[in-house]
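A.B. asks: I'd like to go over a predicted model; first the sequence, then the structure.
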Amino acid sequence: MSKQRIGVLVMSYGTPESLDQVEAYYTHIRRGNPPSPEQLKELTDRYEAIVGGFFPLRENTNKQVKALEERLNADHPQVEFVCYQGLKHAAPFIEDGVEQMAKDGIRQAVGIVLAPHYSVMSVGGYIKRAQEKAEELGLSMQFVKSYHLHPKLIEALSNRVTETLQRFEDTPKADIRVIFTAHSLPEKIVEMRDPYPEQLLATSKAVAEQTGVDNWQFGWQSAGRTASPWLGPDILDVLHTIKNEEQVQNVLVCPVGFVSDHLEVLYDLDIEAQQTAKELGIHLERTPSLNTDPLYMETLSDVIYQLCEGK
Ligand SMILES: CC1=C(CCC(=O)O)c2cc3nc(cc4[nH]c(cc5[nH]c(cc1n2)c(C)c5CCC(=O)O)c(CCC(=O)O)c4C)C(CCC(=O)O)=C3C
Ligand SMILES: [Fe+2]
């Protein structure tokens, strides 16, 4: 008898492949509205600032998907797991991934997003698109919605916090403010009783507990520049406030909402927040991204398998 075959749609944000694709990418994020020349230049400049217009998210997602497929098949040799990529704003799009599964004759499929926290505006959007395409093709799919408290995820993040605290050398731990961050979303999600802020706080609290960190807080980052308000306080404002009101001089930023090196980490934190910290005389460090951390791959493998087993 042949092995049971399960298709896994691994979804991620997506990034351009080259600088000339930035406009199409940005237009897609803006739901078909092309950016103004100023907006396009501003985004292109940010990509150029991070390692000279290289798009690390592309390679990182490729590596994560490959590592996850290997992990799943090593953990469960009785099943054949086949991973497909589905990106939100770049090719291969979410719909392309679902279509490829159907073409390959996949009968059982699950979907997961490379982002641990659920929001109807983020993960919810990925799932909706995959679900719609799957229904159109008569493929039945199940989805992992969040995995923000999985013990191996907490362990992976805690290891990074503990290791990065060493960079402050002789500074007592109590004098280092740990700031957990995630991508901001429009404030209206709060009225919608969206679980996103609560899940992010739960992850932060679990990591703080596991690392014995008492001096911590949460801050938002990378808010959109639109007329409607976004969740705050923003990390840049937090840096000003804690320096001016509490004389904090050492900050460790841990971006718990992101799992990969990309623009939000390499630009918004490493360039923009670092610049603000320098101006304020704050020593700022950031925890390394998870990327293909084996504990992160095990987290994904576990939650996918549990879903397949109906646990
Ligand atoms: C919740 C969330 C995550 C985390 C969860 C997840 O991973 O899904 C995330 C991740 C990412 N966001 C990314 C890039 C961008 N996001 C933008 C704009 C927006 N993000 C939003 C939300 C999120 N975004 C929202 C509500 C907007 C406003 C427009 C809209 O309503 O959709 C813009 C437009 C310009 C700007 O505002 O900066 C860019 C370039 C990249 C890729 C970076 C790279 O290429 O290296 C990544 C991983
Ligand atoms: Fe974004």
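C.D. replies: Looks like it came in fine. Ligands and ions are numbered 1, 2, ... in the order given.

A.B. asks: measure the nearest residue to Met121 once chain neighbours are set aside to Phe258 for me?
C.D. replies: Of all residues not flanking Met121 in the chain, Leu185 sits nearest, at 5.5 Å (Cβ to Cβ, 6 or more residues apart in numbering). (C-beta placed from N, C-alpha, C; glycine too.) Distance of Leu185 to Phe258, given as Cβ to Cβ, to the nearest Å: 14 Å.

A.B. asks: Looking at those two, which one has more neighbours?
C.D. replies: Phe258 (23 against 20; other Cβ atoms under 10 Å).

A.B. asks: picking up where we left off before, ok, the residue nearest to Met121 - contacts?
C.D. replies: When contacts are counted by Cβ atoms under 8 Å, 6 or more residues apart in numbering, Leu185 touches Ser119, Met121, Ser122, Asp194, Tyr196, Trp230, Leu231.

A.B. asks: hmm, try it at 7 Å
C.D. replies: When contacts are counted by Cβ atoms under 7 Å, 6 or more residues apart in numbering, Leu185 touches Ser119, Met121, Tyr196, Trp230, Leu231.

A.B. asks: got it, and Ser184?
C.D. replies: Trp220, Gln221, Ser222, Ala223, Trp230, Leu231.

A.B. asks: ok, now with 8 Å
C.D. replies: Ser184 neighbours (Cβ under 8 Å, 6+ apart): Trp220, Gln221, Ser222, Ala223, Gly224, Trp230, Leu231, Gly232, Asp234.

A.B. asks: Now the buried members of these.
C.D. replies: Trp220, Gln221, Ser222, Ala223, Trp230, Leu231, Asp234 (16 or more other Cβ atoms under 10 Å).

A.B. asks: For the second one, which residues are in contact?
C.D. replies: For Gln221, the contacting residues are Thr181, Ala182, His183, Ser184, Asp234, Ile235, Pro255, Glu264, Asp268, Leu269, Ala273, by Cβ under 8 Å, 6+ apart.

A.B. asks: how about 7 Å then?
C.D. replies: By Cβ under 7 Å, 6+ apart, the neighbours of Gln221 are Thr181, His183, Ser184, Asp234, Ile235, Glu264, Asp268, Leu269.

A.B. asks: likewise the fifth one?
C.D. replies: With contacts defined as Cβ under 7 Å, 6+ apart, the neighbours of Trp230 are Ser184, Leu185, Pro186, Glu187, Ala223, Gly224.

A.B. asks: what's the answer for the last one, then?
C.D. replies: Each residue near Asp234 by Cβ under 7 Å, 6+ apart is listed here: Gly219, Trp220, Gln221, Ala223.

A.B. asks: So which of those residues sit within strands?
C.D. replies: Members of the contacts of Asp234 lying in strands (criterion: DSSP state E): Gly219, Trp220, Gln221.

A.B. asks: quick one on the thing from earlier: could you list which of the contacts of Ser184 also contact ligand 1?
C.D. replies: Gly224 (Cβ under 6 Å from any ligand atom).

A.B. asks: Which of the contacts of Ser184 sits closest to ligand 1?
C.D. replies: Gly224 (4.0 Å; Cβ to the nearest ligand atom).

A.B. asks: Return the distance of that closest one relative to Glu264.
C.D. replies: Taking Cβ to Cβ, one finds Gly224 at 12 Å from Glu264.

A.B. asks: now swap in Thr299 and tell me
C.D. replies: Distance from Thr299 to Glu264, by Cβ to Cβ: 20 Å.

A.B. asks: Looking at these two, which one has more neighbours?
C.D. replies: Each of Thr299 and Glu264 has its neighbours counted (other Cβ under 10 Å); Thr299 has more, 24 against 20.

A.B. asks: And that one, how close does it get to ligand 1?
C.D. replies: 16 Å (Cβ to the nearest ligand atom, to the nearest Å).

A.B. asks: For this protein, what lies in contact range of ligand 1?
C.D. replies: Residues of the chain lying near ligand 1 (Cβ under 6 Å from any ligand atom): 13, 15, 29, 43, 57, 115, 121-122, 183, 185, 224, 257, 262-264.
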